[in-house]
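>>> Could you look at this predicted model? Sequence included:
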There are 2 protein chains.
Amino acid sequence: MARTGRRPSGSGTQDAILAAAMTAFTESGYDGATMRGIARAASVDPALVHHYYGTKEELFVAAMQFPIDPAVIIPALLEPGPDGLGERLLRMFLGVWDSPNTISPFLALIRGAMSHEASAAMLREFVGEAIIGRLTAALDVDRPTLRGTLVGSQLIGLGIARYVIRIEPLASASADEVVAAVAPTLQRYLTAELPRGEDPAAG
Amino acid sequence: MARTGRRPSGSGTQDAILAAAMTAFTESGYDGATMRGIARAASVDPALVHHYYGTKEELFVAAMQFPIDPAVIIPALLEPGPDGLGERLLRMFLGVWDSPNTISPFLALIRGAMSHEASAAMLREFVGEAIIGRLTAALDVDRPTLRGTLVGSQLIGLGIARYVIRIEPLASASADEVVAAVAPTLQRYLTAELPRGEDPAAG
């Protein structure tokens, strides 16, 4: 190892990989960053990055402290079938926000995306591929990606209104009351017939 | 005027009032700031603040460059009655985001509210009183304020997903396609029967 100038394995190495990954994702976006480039920036063998983190997606989740592992969570939400998917998705989302340790790095990610185009691109690419892509690939509906982004729009707005701006009575409503009001919205976006609007060229 | 150390009227005076108002709203919140305190901070007669800006609400709109004047817009949206209110509200909202000059101070306001509790309180108080309060006072429904905040949650999330993070295909969808998909959500939040969830103590 010393011959190549590479770090040995160990926890300092993992920290170096995570730091290099955070820089790479922030600067090059999720699509632009590569496992090989991150390994090089961390002065480790690419095989070690794969050994510790598996895929680029898992490395992103670890480096950006993303609040869920979509590769695990999304298939579990989809498994019982499309009925009730809106509610399962919403309960998972509320659970994430109710956990302060989990939510604070996610909030930093959203704040970054609202202030810097590079951070917006990174979040857009990751959410599009890891979450919306998985969700919509499993649904037999027209315009699945538009549906996924509509779900995302309601969820992100709910998170900000309820947990960040904390507007009442939404902030203090029970999870059950929020689910009763909002889950039908998500379910409709996911699986109901969605009118196309007047402009046939769109979407 | 010189005797009291107060500024004479004129455009420098208006700038001083707006600057003092911005400071007061940001530091004391919308509820905490007073016309009298703002006049004092700007070294002008309180009557002059009322002369230029009428009410505290109008002063807030001017000082924070809020994208709409709720005292004018909300009654106009309500005037045709509850049918179609979701669509009218949404088209107004999309129009605001489509105007770059209007949206950039509003975005700064949201960014501030996501980073500082005092800014969140200010936005929460203003939106609660000037927009949601007006909207819900006109609707004969149960839990009108919860309904208003649900509408707000979908709108703010739509604004962020479509215009800030710009996730596709939501970002490029035509206004008509967005309206076809999202207006029924808003209309349901505003006027449809909304289930209460399992917890009767909530909301």
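Cool, got the structure.

>>> per the record, what domains does chain A have?
The record's domain parsing of chain A by automatic domain parsing lists A:2-63, A:70-191.

>>> Looking at those domains, which is nearest to chain B?
domain A:70-191 (2.1 Å; Cβ to the nearest Cβ). Bear in mind the C-beta positions are built from the backbone N, C-alpha and C, glycine included.

>>> Make a markdown table out of the domains of chain A and add mean neighbour count and mean pLDDT.
Output for the domains of chain A, formatted as a markdown table (neighbours: other Cβ atoms under 10 Å in any protein chain shown; pLDDT from 0 to 100):
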| stretch | mean neighbour count | mean pLDDT |
| --- | --- | --- |
| domain A:2-63 | 17 | 89 |
| domain A:70-191 | 19 | 93 |
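
>>> CSV for those domains, including distance to chain B?
Formatted as CSV, the domains of chain A follow (distance: least, Cβ to the nearest Cβ, whole Å):
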stretch, distance to chain B
domain A:2-63, 12
domain A:70-191, 2
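
>>> Turn those domains into JSON lines, columns for distance to B:Val49.
Shown next, in JSON lines, are these (distance: least, Cβ to Cβ, whole Å):
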{"stretch": "domain A:2-63", "distance to B:Val49": "45"}
{"stretch": "domain A:70-191", "distance to B:Val49": "28"}
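
>>> Tell me which of those lies nearest to B:Glu168.
Closest approach to B:Glu168 among those (Cβ to Cβ): domain A:70-191, 7.3 Å.

>>> how far is the closest one from where the chain is centred?
9 Å (Cα atoms, centre = their mean, to the nearest Å).

>>> where along chain A do the helices fall?
Taking DSSP state H, the helices of chain A run over residues A:11-32, A:35-41, A:46-53, A:56-63, A:70-78, A:85-97, A:100-115, A:117-126, A:134-137, A:144-159, A:175-191.

>>> could you dump these to a markdown table with distance to B:Asp142?
Converted to a markdown table, those look like this (distance: least, Cβ to Cβ, whole Å):
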| stretch | distance to B:Asp142 |
| --- | --- |
| helix A:11-32 | 44 |
| helix A:35-41 | 53 |
| helix A:46-53 | 50 |
| helix A:56-63 | 41 |
| helix A:70-78 | 31 |
| helix A:85-97 | 21 |
| helix A:100-115 | 31 |
| helix A:117-126 | 37 |
| helix A:134-137 | 33 |
| helix A:144-159 | 20 |
| helix A:175-191 | 12 |
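
>>> And those helices: which comes nearest B:Arg124?
Minimum separation from B:Arg124 across the helices of chain A (Cβ to Cβ) falls at helix A:144-159, 14.4 Å.

>>> now that closest one against helix A:117-126, angle please.
If you take axes from the mean of the first three to the mean of the last three Cα atoms, to 10 degrees, helix A:144-159 sits at 120 degrees to helix A:117-126.

>>> So which residue is smack in the middle of chain A?
In chain A, the centroid-proximal residue (Cα atoms, centre = their mean) is A:Val127; its distance is 4.4 Å.

>>> contacting residues around that residue?
The contact partners of A:Val127, taken as Cβ atoms under 8 Å, 6 or more residues apart in numbering or on different chains, are A:152, B:167.

>>> Tell me the spacing between it and B:Ala121.
From A:Val127 over to B:Ala121 the distance is 29 Å, taken as Cβ to Cβ, to the nearest Å.

>>> now A:Asp176
27 Å.

>>> Next: A:Ser104.
When Cβ to Cβ is the yardstick, A:Ser104 and B:Ala121 sit 19 Å from each other.

>>> same deal with A:Ala173?
In terms of Cβ to Cβ, A:Ala173 sits 19 Å off from B:Ala121.

>>> do the same with A:Ala20
According to Cβ to Cβ, A:Ala20 and B:Ala121 sit 39 Å apart.

>>> before we move on, what about A:Ser174?
In terms of Cβ to Cβ, A:Ser174 sits 23 Å off from B:Ala121.

>>> Next: A:Ala192.
A:Ala192 sits 37 Å away from B:Ala121, going by Cβ to Cβ.

>>> Leaving out sequence neighbours, find the closest residue to A:Gly159.
A:Trp97 (5.6 Å; Cβ to Cβ, 6 or more residues apart in numbering or on different chains).

>>> try A:Thr23
Leaving aside its sequence neighbours, A:Thr23 sits nearest to A:Ala41 (Cβ to Cβ, 6+ apart; 6.8 Å).

>>> wait, doesn't the one you found sit right on A:Ala20?
Yes. Using Cβ atoms under 8 Å, A:Ala41 makes contact with A:Ala20 at a distance of 3.9 Å.

>>> dump the residue contacts of A:Ala21.
A:33, A:38, A:42, A:53, A:59-60, A:62-63.

>>> From the residues you listed, pick the one nearest B:Ala183.
Distances from B:Ala183 to the contacts of A:Ala21, taken by Cβ to Cβ, are shortest for A:Phe60, at 34.9 Å.
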